[in-house]
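>>> Build me a model:
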Amino acid sequence: MKKTLIRAPVFIVPIFFAFLGFSYKDFIYFGISLFSLLFSLIVIFPHFLSNRSLNIPTLNKLKITKNNKKTKDRNKFKLAQYLIIFLSSIAVYTLIFIIITIFGLSYTANKNIIFSYFTSQIGFLYNLKLISLVGILIFIFLTLVVLNQGFKRIKIDRLIRTAFVSIGINASTFILGLVLAFILIFVIGFAQLNFISLSSRIAPQITGITTDKKAIIEKLKSMKTAPPIIPLNPTKNLSVFINTDPNNNSFYLKSVLMNIPSFLILPFKMPNENFFMIKNSLVVKEINLAEIESISPYLGDLLVKDYFKSRFIKQYPEVKVIGRQEYLDYRIKEIDKELTEIDGYIQNIQDEISTYYGYISTAKNNIATLQGNIQSSISQKDSEYKNCISAGYFSYYLGQFFPYYSEGYCRGLGAKWDTYINQENALIATNNQNISYDQYQANLWQGYLKTFQSMRNLKENSKNDTPQELGIFEPDNQIKIAIDETSSNKVVDYFETLSHEYLHYSSYVNKEQTLLPFFEEGLTEYYARQVIKNDMHVDTHMGYPLFVSIIKEIIKKIPSSTIEDIYFKKDQSTLESVLNSTYGENFYKDYELYFEIISYMPPRDALSMANAIMLKVGGAPLSESDLYSSEDTSN
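The predicted structure is shown next:
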């Protein structure tokens, strides 16, 4: 019974792998668990496979005489020596692999943690193959030295025999150490997280938490890079984040600590504050308007500066966090301003249409006058000819009429009328050409009129739509951000909006020097997404999805520094020049109208315009899914 109890710990291995199977829903772990369970049963209950138990003879059963007492002592010494070497080798290899796992292995996105662990270890050793080979050879040599008692008496046959033993011991302990390290890192992680949770109750200062708002602001002011921002999910234990750096892409953090179930960790004593700092990380439990407002200028500065490391970023605008209704009221006023502007465009277009139709009416009147002149000229020509040809006298004596003018002369009198008629016909042709041109222009402006009328309807209807972006930048230095939900689920959305508006603020030049709205908003949103990706390691798809899809394709062939210069200088002329030199001499002129009105178009028309641009720049066609925002996704 005692022997069975002593051997019972071997069940830890199958239980451990069964737990991994349930955690990762991966049958490979259940297979390993079953295999190790069978092996454990064979070790503990060998009679399962045989009618006779495998009894290892004890020393008491050996008949040892006084003559072989020295042999017995020597064998006992060798057995103890081999056991010490074997256990020492396991301990050394296990320690080495634990150190490599915690400090050396990088996280790889693989659902099977065992496969990821072993491939990562092999990859790590392979990358340091010279050091690894030398280290293993040193271990083999040290084992050989111990087995040969320091080479006091060198015998070739013994040296060869112990060399093979040394290689065998190192090979087996290498594998065992690799496996044991895998199990022990979970034990270490379990102990580390529970120690942190326990410290939060006994000695909170150990956790490195700062809750004082003034202290947090001073710390943010002094920081050179943005703090990792951690939205605290209520289902996650805060212990996982203590003393860990979210920017650290290590196997130990991402595959071990992050995957130890919360029910195995003692509850952490949570600070009451809605946000606090853990060393250099900012934890946000809930978005409180007044509290988040106080730190937003400093966080916005660090977030943007951390991405644009080599650029000057203006500091600390006035940030005001407002409620959704206040934002919607402001938005309606802004939409009314845009509607007034669109009405101005519509009136200008109608004036243009009226002008062209005036030209057409004038040309038609001219044609009618010219045609009247031609008819009159023809009548005058015929009348002069008849008068000329009939001029003469009749000889009574000869009985014959004698004309004063010849036939040729009379017909020649009509040449001046022919010239005049040709001139009038030429003027008619010119007026007809003018009518064709003016009618084309009138039709073109009629199309613009329909477009802007559709734009106006869409803009009017947008008062009731959910906005893509809950942020406002008011020159020169005020940012307003609307919050419609305060839970930690909206933390990423808030900081993405903050980054977007902070970029507007930092890149603002003046009211006259601006980019076309498509490029201003598209580039701003593109950079804001990159800022959040850089800090929070999350892909966001909430604002201006169609704009960003087009922008990402357009800037692929343009150096990033060039686009950044254009954005921060608001250099529209250089933007047009760069686009033309990259995608064709008249690219911007040909697609300028698309860039101007795409945001006002109905979804299908906007998608059609977007794909026309994508075709020109060599991008893949966009689909209807690219028209709409989607949920954020973590890497």
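>>> any idea how far stretch 365-383 is from the chain center?
Once both centres are worked out by C-alpha atoms, centre = their mean, to the nearest Å, stretch 365-383 turns out to sit 74 Å from its chain's centre.
>>> Now it: buried residues?
For stretch 365-383, a neighbour-count test (16 or more other C-beta atoms under 10 Å) marks 366, 367, 370, 373, 374, 377, 381 as buried. Heads up, the C-betas are built off the backbone N, CA and C, glycines and all.
>>> Give me the contacts around it.
Contacts of stretch 365-383 from elsewhere in the structure, counted by C-beta atoms under 8 Å, 6 or more residues apart in numbering, are 414, 417, 418, 420, 421, 424, 425, 427, 428, 431, 432.
>>> Which single one of the residues you listed is nearest to residue 114?
Minimum distance to residue 114 across the contacts of stretch 365-383 is 84.1 Å, recorded for residue 432 (C-beta to C-beta).
>>> Count the neighbours of that closest one for me.
For residue 432, the count of nearby residues is 13 (other C-beta atoms under 10 Å).
>>> could you pull out the helices for the stretch 251-400 of the chain?
Assignment of helices within the stretch 251-400 of the chain using DSSP state H, counting those that start in this stretch yields the ranges 251, 289-307, 324-390.
>>> Contact partners for the closest residue to residue 400 other than its chain neighbours?
Nearest residue to residue 400 in three dimensions, chain neighbours excluded: residue 394, at 7.4 Å (C-beta to C-beta, 6 or more residues apart in numbering). Contacts for residue 394 were tallied using C-beta under 8 Å, 6+ apart; they are 400, 401, 402.
>>> Now do the contacts for the residue of the chain most remote from its centre.
The outermost residue of the chain, judged by C-alpha distance from the chain's mean C-alpha position using C-alpha atoms, centre = their mean, is residue 397 at 115.2 Å. The contact partners of residue 397, by C-beta under 8 Å, 6+ apart, come to none.
>>> go on, residue 180?
With C-beta under 8 Å, 6+ apart as the criterion, the residues that contact residue 180 are 90, 94, 97.
>>> related to what we said a few turns ago, can I get the contacts of residue 394 in TSV including neighbour count and pLDDT?
Written out in TSV, the entries for the contacts of residue 394 read as follows (neighbours: other C-beta atoms under 10 Å; pLDDT from 0 to 100):
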residue	neighbour count	pLDDT
400	9	80
401	10	78
402	9	77
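>>> Just the closest of the buried residues of stretch 365-383 to residue 502, please.
Each of the buried residues of stretch 365-383 was checked against residue 502 using C-beta to C-beta; the closest is residue 366, at 61.1 Å.
>>> Please report the distance of the closest one from residue 430.
Going from residue 366 to residue 430 by C-beta to C-beta, to the nearest Å gives 9 Å.
>>> same deal with residue 521?
Shown here: residue 521 relative to residue 430, a distance of 47 Å by C-beta to C-beta.
>>> Pick out whichever of those two has more residues nearby.
Between residue 521 and residue 430, counted using other C-beta under 10 Å, the more crowded position is residue 521 (21 against 14).
>>> right, and that one touches residue 544 too?
Yes - Residue 521 lies in contact with residue 544 (C-beta atoms under 8 Å); the separation is 5.5 Å.
>>> Now list whatever residues contact both of those two.
By the contact definition C-beta under 8 Å, 6+ apart, residue 521 and residue 544 are jointly contacted by no residue.
>>> Mean pLDDT per helix and strand in this protein: which one sits at the bottom?
Among the helical and strand segments of the chain, the one scoring lowest on mean pLDDT, DSSP states H and E is helix 2-7, with a mean of 48.
>>> for the residue farthest from the centre of the chain, phi and psi?
Reported as degrees, to the nearest 10, the phi and psi values for residue 397 are phi -70, psi -40.
>>> State the pLDDT value of it.
Note on residue 397: pLDDT of 75.
>>> Alright, I will stop here.
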